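# Please work out how this folds:
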Amino acid sequence: MKKLIATAVMTAASLSTGAFAADDDRAEWLFVQSAEGVELVDETTLVVPLEREIFAFTDRPARDHRYLNAHEFVAVWNDGEDSFADDPPNAVLTWIENGEVQELEVELLDAEVEDHGRSVHYKIAVEGDASGPAEGIDAALYIDDFMSNPTAFPM
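Residues are numbered from 1 along each chain as shown. A predicted model of the protein is given here:
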């Protein structure tokens, strides 16, 4: 009987270790899109020009980073079971206004590449009763995590 219990415990331990190993294969990616200026078209649309590639990086323990073009980044919206379409990410938009850093918390509901890959148009929901810029300079959009295989994005 003791041998049967020991075998059951060892089997359960090896199965659970296998499950953890599968989870360890996924990385938590975070994103930053910066631009000289952004435009809040209305309460639900934010336009961020793509002046540089979008920086993607992983949280510990799988440290990695990539630079994504607009098309690669927007593909994340429908990628996998935990896609941004299924679980829209939170984000913080920061910009300079009258010499001071301002910030706006938003939920990114959707993203589309526009202007032949030169901008990303986000459908947003503003968190709270804050308001964003009609136009902001020296802006950055910090985007919440996305779980994916570490090799999901090209080098």
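
# Would you state the strands of the protein in chain order?
Using DSSP state E, the strands of the chain run over 27-42, 45-49, 54-58, 65-68, 90-97, 100-114, 119-126, 135-148.

# low-confidence ranges in this protein?
1-25, 134-136, 148-155 (pLDDT under 70).

# let's go with 90 and repeat that
Counting by pLDDT under 90, the chain contains low-confidence ranges at 1-29, 37, 39-43, 51-52, 58-63, 75-87, 97-100, 127-137, 145-155.

# Quick one: closest of the strands of the chain to Val74.
Proximity to Val74, assessed across the strands of the chain by C-beta to C-beta, is greatest for strand 100-114 (4.9 Å). All C-beta spots, glycine's among them, are computed from the backbone N, C-alpha and C.

# got the angle between the closest one and strand 119-126?
120 degrees (axes from the mean of the first three to the mean of the last three C-alpha atoms, to 10 degrees).

# and strand 100-114, which strands flank it?
Under the criterion DSSP bridges, strand 100-114 sits next to strand 90-97 (antiparallel), strand 119-126 (antiparallel) in its sheet.
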